[in-house]
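# Give the three-dimensional model of this entry:
(chains A, B and C)
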Amino acid sequence: MSITRDEVAHLARLSRLALSDDELERFAGQLDVIISAVARVQEVAAAGIPPMTHAAELANVFREDIVVPPLGADVALAQAPAAELGRFRVPRILTED
Amino acid sequence: MTQTDAAVTSHPVPFEEAVARYDPVIGLETHVELSTAAKMFCGCPTVFGADPNSAVCPVCLGLPGSLPVINKAAIEYTIRIGLALNCSIATWCRFARKNYFYPDMPKNYQISQYDEPLCTDGWLDVEVGGTTVRVGIERVHLEEDTGKSMHVGGSGRIHGAEYSLVDYNRAGIPLVEVVTKPIPGTGALAPDVARAYVAELRDLMRALDVSDVRMEQGSLRCDVNTSIAPTGSAQWGTRTETKNVNSLRSVERAVRTEIERQAGVLDAGGRIIQETRHFNESTGTTTSGRSKEEAQDYRYLPEPDLVPVAPPPEWVAQIRADLPELPAAHRVRVWQQLSWNVLPADKDAIINAGALDLIAETVAAGASPEQARNWWLGELSRRANAKGAELSSLPISPEQVARICGLVDSGDLNNKLARQVLDGVLAGEGSPDEVVAARGLAVVTDAGVLTAAVDDAIAANPDIAAKIRAGKTAAAGALVGAVMKATGGQADAASVRELILARLGQS
Amino acid sequence: MTSGNDLTTLTAAQMAAAVAAGEVSAVELARAHLERIAQTDVQVRAFLHRADDVAMAAARAVDDRRTAGEPLGPLAGVPLALKDVFTTTDMPTTCGSKILAGWQPPYDATITARLRAAGVVILGKTNMDEFAMGSSTENSAFGPSRNPWDLSRVPGGSSGGSAAAVAAYQAPLGIGTDTGGSIRQPAAVCGLVGVKPTYGGSSRYGLVAFASSLDTPGPLTRTVLDAALLHEVISGHDPHDSTSLAAPVPPVVAAARNADVAGLRVGVVTELGGEGYASGVLTRFNEAVELLESLGAKVTEVSCPHFGYALPAYYLIAPSECSSNLARFDAMRYGLRIGDDGTASAEEVMSETRAAGFGAEVKRRIMLGTYALSSGYYDAYYGKAQQVRTLIARDFASAFEQVDVLVSPATPTTAFPIGERADDPMAMYLADLCTIPSNLAGNAAMSVPCGLAPEDGLPVGLQIMAPVLADDRLYRVGAAVENALDQRRGHPLLAEASGIDNAGATAEAGR
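Modelled structure (predicted):
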C-alpha cells in the first residue's frame, strides 16, 4: 500500500479539490497503483547525475527593462466572475497571509 | 491573551528586567521593491498609486498560457545589492516555484528562489551606541511581489471580512529578499540593533539607487524574528516572526515588545509557540497570527518556464566596479571632511535624523558645523517631525540655510527674524534674500530710526532712564524691550542696548 | 459530389499553389471546408468551436492581398484546425474543460498570431483531452471525438480533435501539442503525419500549460510536405517564451523535398518493441524498416537502456508540473465559479469549483503531482525523475553517435475502441510508451503512416526520432517512406478510410 485514503484526502485539501467520499475511495485505489508504478524510477542509480534543465541547455535569457502598454483595467476585469471598484471581488479569505 | 499552554496566563516583563535574565537573538527578513521601470517578468510599469488593475497584462495576471521572461535590470540590481553586502554571487542559479493558494497570487505560485539564491553569505556593519555590530547576511534572492487585497466588512482586517477586493498592479514587481543570519549577543541593545540594521540597509539601497525604500509605501517591508533564552543557555529559544512592521520605530518597538512578552511567558512556565505575529501600531504590541508550527509545504520545484541564470564574471566585475560610495564609507569621509569633534551620542543623533549630508553641505556653503547642526537638528527637525516627513524632503536647501546663517552673522538678521525667513522659504516664498525683501524683515540699522526709537523710549520711561544714568545698567533691559517692540523686533538687541547706554552716558 | 469536396482532398501545398495562382480563392476553400465540417462533424465531433465568420473574413483578407498584388506566404489561404489549448482573442479557449467553458482570452498565442500573419485560415478550435491529459479525447469535458477510419474508435489524444479533423478532410492542416506523444499517437492511429519539433522550436506563449518542460506545438497533416510547410510557419524564436530556441529553424521543407535516405544510418530501438505491441503494428513497422533498407539506408539495432524508465519518469514529471500549472484555475479571476453564496470562504469556493470543473484524469494528475513534490518525497520522486531524464537524454546522445535517426513504432496498438481503456488509467498511459522518450529528451520526432494493420485494417505509424535541432532529418526519412509507400499503393493511405463518407477522395485526388 503506497498511499492511504487519508493521505489522498490530504492531497486533495492541499490542491484545493473538494472530493466526495466516493471519489476519495476510487482515487485512492488508482493512485496507489500509479504511485507503485512510477516508483520504479528509484531503481535507477543516479548518484551525481544532474537533473535535466533544458534540451538545448539555454541560460541567461533576459528582457530589457522597457515598459510595454498594459492590458487596461477594463480588459483585465472583463472575464472576472465578480468585480467591484475596479478590482476582482473574491469571497472572504480565511487563511492569513 | 497570549498563546501559550492553555492553563498558563502571563504578563509581559519590563524590558530592562527581561534582558537582565534572558539573552535575545534576533533576525530580520527584509523585502525591497526594486525601482526598475518594468516588472520582474513582464513589461508592465512598476507604478505606485495608479488606478487598480491598470498596470497588468497576461503575464502578471497569470492568465492561462502566459509565460515569464526575466527583467535583466532586476538581476543587475540584485547583484549590486549582493556585492554591497559583501556576498558571494552565484555562478549558476535558478528560479523556483513556491506553491500555495492565495487570492493575491494570480498563479497560486510565486516565482522565487529556493535553494539556489543569487547571493549568499555576506555581512553589513551597523553602528549602535558607539560600537560596531557585524550583521551576517544569509542570502539575497529575487522574487515577484503579490497583488494587494482590501478586506470589506468587519474592521478592514482579514478577520471578520465579508469579502475582499484584489488589485494586481503590484503583482510581479521585482522584490529582493535580504535575510540576515541570526544575530545573538546584542542583549539590551537588540531593539536598537534591529532598527539600526534596517536604517543602514535602507540607506544602502538608496545609495545603490535600486529602490525608493519607502516603508510607508511598502517598498521596504520588514519581518522581525525574535527569540530569547535564559542567560547562559547553550541553546537558543524558539523564535516568533513579527509582521506588519511598517516603520523604523516599529522595528525597534516590535523587538522590544516581543522580548517583554516572551519573557513573561517563560517566567510563567509556559513555552513559546513558533508562530507568525502581527505588530499593532497603536498598542505597540504583537498579537498571534498564523501558527508556523504546522509549517506550510511549498512544494518547491525549479521554474520550468525559465532557464538558469549564470551571470558572466565580466558582468559581475563591471557591476562591482560601478558600485557607488557606500553609506558607511561615505559617512567616514564626510566626518573627516567636517573635521568636527562631536560626541558619539551627537553623532548618532545626527545620523538618525538623516542630517549628516545636509549639515556637510551647509558647511560647504559657508556655515559653521555648530550653526548647521543647530538649524537642522533644531528648527528644521521640529518642522519635519510636525509634518511626519524626512529632513531631506523639506523645501529648503543647505545653501539656503547657510545663507540665513550668513545673514545672522553679518547682523542683517537676528535669530527671531531668521526663523521668520526660514518660514518664508519653507512656504515657498523664495530664497532667503527674496523673503527678507518681500517681508521687510531686515534688522533695522538706520541710525536715525534707532536713535529716534531710543529717545522715544527714554522719554516714555523717565524713572528707568534715571536709574540707568545713576549706573544701574541692568535696567536697560526694559528700555531695550520697548525699542524692540517699537521696531517690530527688527532691531538688533545688542546694538540697541549700546545705544541706550551711550545716550544715557553709560558707555 | 460538389467541387467543394474535390477541393477538400487537395494537399495544403496544392491548395496554397492554387490560391497563389488565382485558380481558386481562399474564400472558396474556406467555404468548401466549412461545408465539409457541417456535413461530417455530427459524426466526427472534431470541433468544439466553429468560427465560420472569422474564417470567412480571414479568407477574404487573403484574397484581397492577392488581388492587390501583395506577396503571399507559402500557406496563405489554406484552412487549419487549431487545438483548443491555444489562446485566440476571437474564439473561446476551453482546453476541453468545464473550468474554462466560454473563456475568451484577451490575447492571441504566438502560434495563433504567426498562423494569422501567414494568411492561414483558422476554421475553429478542436476537441482535446482535458488540459492535454490523455490519449483518446475521452477525457474531454465535451465528449470524445471519433476516428474517421472507424467511428466507434478513438482518434488518439490529446490532440484527437485536430487529428480527426484532418483525417476527415475538414482541414488539410491541424495544429496539436505533444507532451507525451499527443501529436504523434493521434497521427499514427488516424493515418496522418504528426510532428513533435525539437522542444523550444515553436513558442509556448499562449499555449495553456500542462507540463511546461515537455509541451511542444506541432503540425498534423496528411502529407510530409504539408507538415514541413506548417512547421516552418509556426517555428522560430519568440522573446515571450524564455524556453524558445534562438537557433534558426532547421531546413525542413528542403528536406521533405529531398527525401533521399541513401547512406543514412537508421537505428531500431531495441527497447521499443516486443511484448505488449499488437502484431499488426510490429508487422507494418518491420516492413517499414525493410523499406528504408531497400531505399539505401543502413539499418542497425541500438539499445537505449534507460528507455524502460521513461514512462514512470514522465508520469512523475508531467503531473508535478501540471499540479502547479493548474493551480491558477481557482475561480478568482476568470472561468467557472461555483459555491459563492456570500457565506462560503475563498478556499471553499476554490475547492468546490475545481472539483466541479476538472475531470477525473486531471484530478488524479494534480494529486499525483502534489504528492511527488511534497516535502520528504521530492528527492525520491520528482528529483529522481529529472535525473532519469538526463540519463535518457544521454541514451539518445550516444545512440546518435552511431546512427543519424532512430525508429520505432509510434504507439503499441492501433486505434482502440471508445470506452475500452477509459476506466484503466495505467492501460491508457501505455499508449505513450514509444513517444515519451523524445519528450523527456526534447529531441525531434515524427510519426508517418506505414500501412494498415492486417488484423483490423487500421492505420499504423512509424516513429522517426532525430537529434535536438535536427528536425530536418525527420522530414527526409518521412518523405522517403511516404513516397515509396504511396507509389506502391498507388494512392494515398487516407483514401482507404471508410468510417465516414470520403466522397471525392479518389485514387486521383491528392497526387
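# Am I right that B:Val25 is in a strand?
Yes - applying DSSP: H, G, I helix; E, B strand; the rest coil, one finds B:Val25 inside a strand.
# Which residues are in contact with the residue of the stretch 201-350 of chain B found nearest chain A?
In the stretch 201-350 of chain B, the residue that lies nearest chain A is B:Val307 (4.2 Å; C-beta to the nearest C-beta). The way it works is simple: take the backbone N, C-alpha and C, and place the C-beta from them, glycine included. For B:Val307, the contact set (C-beta atoms under 8 Å, 6 or more residues apart in numbering or on different chains) comprises A:Thr53, A:His54, A:Leu58, A:Ala59, A:Asn60, A:Val61, C:Ser242, C:Thr243.
# again, only this time at 10 Å
B:Val307 makes contact with A:53-54, A:56-61, B:70, B:94-95, C:200, C:242-243, according to C-beta atoms under 10 Å, 6 or more residues apart in numbering or on different chains.
# in which helix or strand would I find it?
Under the criterion of DSSP states H and E, B:Val307 resides outside all helices and strands.
# With adjacent residues omitted, what lies nearest to it?
A:Leu58 (4.2 Å; C-beta to C-beta, 6 or more residues apart in numbering or on different chains).
# Kindly indicate whether that neighbour is helix, strand or coil.
Secondary structure, three-state DSSP: A:Leu58 is coil.
# tally of neighbours for it?
18 (other C-beta atoms under 10 Å in any protein chain shown).
# That one and B:Val309 touch, don't they?
No - look at A:Leu58 against B:Val309 with C-beta atoms under 10 Å: they stay out of range, at 11.0 Å.
# Whichever strand or helix holds C:Glu348: what's the following helix or strand?
In this structure, C:Glu348 is located in helix C:346-357 according to DSSP H and E. The helix or strand immediately downstream of helix C:346-357 is helix C:360-373, counting by DSSP H and E.
# Tell me which other helices or strands that following helix touches.
helix A:5-14, helix A:21-38, strand B:96-99, strand B:301-302, helix C:310-325, helix C:346-357, helix C:425-429 (3 or more C-beta pairs under 10 Å, 6 or more residues apart in numbering or on different chains; DSSP states H and E).
# and those as CSV, adding distance to B:Trp236?
Output for the helices and strands packed on helix C:360-373, formatted as CSV (distance: least, C-beta to C-beta, whole Å):
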stretch, distance to B:Trp236
helix A:5-14, 31
helix A:21-38, 39
strand B:96-99, 26
strand B:301-302, 31
helix C:310-325, 35
helix C:346-357, 35
helix C:425-429, 49
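# Could you look up the SS state of the residue nearest to B:Ala493 when sequence neighbours are not counted?
Spatially, and ignoring its direct neighbours in sequence, B:Ala493 is nearest to B:Val480 (5.7 Å; C-beta to C-beta, 6+ apart). With three-state DSSP as the basis, B:Val480 sits in helix.
# Can you pull the phi/psi pair for the residue minimising distance to the centre of chain C?
Centroid-nearest residue in chain C, with C-alpha atoms, centre = their mean: C:Ile183, separated by 2.3 Å. In terms of degrees, to the nearest 10, the main-chain angles of C:Ile183 are phi -110, psi -50.
# Which parts of the stretch 251-400 of chain B are helices?
Using DSSP state H, counting those that start in this stretch, the helices of the stretch 251-400 of chain B run over residues B:313-321, B:327-338, B:344-352, B:356-364, B:369-375, B:381-387, B:398-409.
# which residues of chain B score low on pLDDT?
B:1-8, B:290-295, B:507 (pLDDT under 70).
# Kindly report the domain assignment for it.
Domain segmentation of chain B under automatic domain parsing yields B:15-311, B:327-439, B:447-503.
# Please identify the most buried of these.
domain B:15-311 (a mean of 20; mean count of other C-beta atoms under 10 Å in any protein chain shown).
# Any residues of the stretch 51-200 of chain B in contact with chain C? List them.
B:57-59, B:61-70, B:97-109, B:147, B:149, B:162-164, B:166, B:168 (C-beta under 10 Å from any C-beta of the partner chain).
# The residue nearest to B:Ala493 reaches B:Gly489, doesn't it?
No - applying C-beta under 10 Å, one finds B:Val480 not in contact with B:Gly489, separated by 11.5 Å.
# Residue of chain C nearest chain A, please.
C:Gly442 (2.4 Å).
# wait, that residue sits on C:Asp215?
No - using C-beta under 10 Å, C:Gly442 is not in contact with C:Asp215; the gap is 11.1 Å.
# where do the contact lists of the two overlap?
Counting by C-beta under 10 Å, 6+ apart, the contacts common to C:Gly442 and C:Asp215 are C:Tyr199, C:Thr243.
# For chain A, tell me which of the residues of the stretch 51-200 of chain B next to chain C show up nearby.
Subset of those in contact with chain A: B:57-59, B:61, B:63, B:68-70, B:99-106, B:108, B:147, B:149, B:162-164, B:166, B:168, counting by C-beta under 10 Å from any C-beta.
# mind showing which ranges of chain C have poor pLDDT?
Counting by pLDDT under 70, chain C shows low-confidence ranges at C:1-5, C:501-511.
# residue at max distance from the center of it?
C:Thr343 (44.2 Å).
# list the contacts for residue 89?
Going with chain A. Shown in contact with A:Arg89 (C-beta under 10 Å, 6+ apart): A:Leu77, A:Ala80, A:Pro81, A:Ala82, A:Ala83, B:Val152, B:Tyr163, B:Ser164, B:Leu165, B:Val166, C:Met332, C:Asp340.
# my bad, chain C
By C-beta under 10 Å, 6+ apart, the contact list for C:Thr89 reads C:Val54, C:Gln104, C:Pro105, C:Pro106, C:Tyr107, C:Asp108, C:Ala109, C:Thr112, C:Ala113, C:Gly206.
# pretty sure the last one is touching C:Thr88, no?
Yes - here C:Gly206 lies in contact with C:Thr88, judged by C-beta under 10 Å, at a distance of 8.5 Å.
# Between the two, point out the one with more neighbours.
For the pair C:Gly206 and C:Thr88, the greater number of neighbours falls to C:Gly206 (29 against 26), based on other C-beta under 10 Å.
# roughly how far apart are the more buried one and C:Ser324?
19 Å (C-beta to C-beta, to the nearest Å).
# can you list the weak-confidence ranges in chain A?
In chain A (pLDDT under 70), the answer is A:1, A:96-97.
# ok, and the closest non-adjacent residue to the one residue in chain A that gets nearest to chain C?
Closest to chain C within chain A is A:Ala55: 2.4 Å, counting by C-beta to the nearest C-beta. Nearest residue to A:Ala55 in three dimensions, chain neighbours excluded: C:Gly442, at 2.4 Å (C-beta to C-beta, 6+ apart).
# remind me, longest strand of the chain?
If you meant another chain, say so; for now it's chain A. strand A:87-91 (DSSP state E).
# you looked at the wrong chain, it should be chain B
Longest strand in chain B, counting by DSSP E: strand B:131-144.
# Can I get it as PDB, trimmed to CA atoms?
Provided in PDB are the C-alpha atoms of strand B:131-144 (Å, rounded to 0.1, in the frame of the first residue of the first chain):
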ATOM      1  CA  THR B 131      30.000  50.100  18.900                       C
ATOM      2  CA  THR B 132      30.000  48.300  15.600                       C
ATOM      3  CA  VAL B 133      27.900  45.200  15.200                       C
ATOM      4  CA  ARG B 134      28.600  43.000  12.200                       C
ATOM      5  CA  VAL B 135      25.200  41.600  11.000                       C
ATOM      6  CA  GLY B 136      25.700  38.400   8.900                       C
ATOM      7  CA  ILE B 137      23.700  38.200   5.700                       C
ATOM      8  CA  GLU B 138      22.500  34.600   4.900                       C
ATOM      9  CA  ARG B 139      21.200  35.300   1.400                       C
ATOM     10  CA  VAL B 140      19.800  37.800  -1.000                       C
ATOM     11  CA  HIS B 141      17.400  36.500  -3.600                       C
ATOM     12  CA  LEU B 142      14.900  37.700  -6.100                       C
ATOM     13  CA  GLU B 143      11.200  37.000  -6.500                       C
ATOM     14  CA  GLU B 144       8.000  38.600  -7.700                       C
END
